[in-house]
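> Sharing a sequence plus its predicted fold:
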Amino acid sequence: MGSAISLRSDFDGNRLRLLARQTKDASQARRLEALASIYDGGSRADAARLGSVTVQIVRDWVVRFNRRGPDGLINGKAPGKPTLLNDDQRAALAQAIEPAPHPIWMASCAGVCVT
């Protein structure tokens, strides 16, 4: 069994609890509270119970927190399906969909059409 990953040293339990109270993101607050318990000497298992997750998830939170700070504990947007068209193809499609006024159409308006 490996050793636990250390939490970054520029935060402490009190500061994380303050951030948890200030955030509007409930999931981030729960994660901050769980990590604050580790800073205060609690076990990873206690933090997992506090966060209602497994110890592996707490480890993932520690890694994200160490890399990006408190913002790393905010749920990100899922990447979704990659686009089927590249930038050149999208530009060509946009140009085909929005053509310039056609001269024949303009002549048939005979001053009646509004452009």
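It's in. Numbering: from 1, shown residues only.

> Tell me where this protein has helices.
For the chain, the helices defined by DSSP state H cover 13-22, 26-39, 44-51, 55-68, 87-97, 103-109.

> Out of the ones you listed, flag the one nearest residue 75.
Of all the helices of the chain, it is helix 26-39 that lies closest to residue 75, at 5.7 Å by CB to CB. Where you see a C-beta, it was placed from the backbone N, CA and C, and this is true even at glycine.

> Give me the buried positions along the closest one.
For helix 26-39, the neighbour count (16 or more other CB atoms under 10 Å) marks 28-39 as buried.

> Make TSV from the helices of the chain and add distance to residue 3 and mean pLDDT to it.
Formatted as TSV, the helices of the chain follow (distance: least, CB to CB, whole Å; pLDDT from 0 to 100):
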stretch	distance to residue 3	mean pLDDT
helix 13-22	21	96
helix 26-39	14	95
helix 44-51	11	94
helix 55-68	11	95
helix 87-97	46	88
helix 103-109	74	59
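
> looking at the ones you listed, which is closest to residue 79?
Nearest to residue 79, of the helices of the chain and by CB to CB, is helix 55-68 at 16.1 Å.

> which parts of the closest one are buried?
58-59, 61-62, 64-65.

> so residue 44 makes contact with residue 57?
No. Using CB atoms under 8 Å as the test, residue 44 is too far from residue 57 to be in contact (10.1 Å).

> hmm, back to that, can you lay out the buried residues of helix 55-68 as JSON lines showing distance to residue 73?
Shown next, in JSON lines, are the buried residues of helix 55-68 (distance: CB to CB, whole Å):
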{"residue": "58", "distance to residue 73": "11"}
{"residue": "59", "distance to residue 73": "13"}
{"residue": "61", "distance to residue 73": "6"}
{"residue": "62", "distance to residue 73": "10"}
{"residue": "64", "distance to residue 73": "6"}
{"residue": "65", "distance to residue 73": "6"}
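
> now, which of those residues sits nearest residue 93?
If you rank the buried residues of helix 55-68 by distance to residue 93 using CB to CB, residue 64 comes first, at 37.7 Å.

> Nearest residue to the closest one in space, ignoring adjacent ones along the chain?
Closest residue to residue 64 apart from its sequence neighbours, by CB to CB, 6 or more residues apart in numbering: residue 72 at 3.8 Å.
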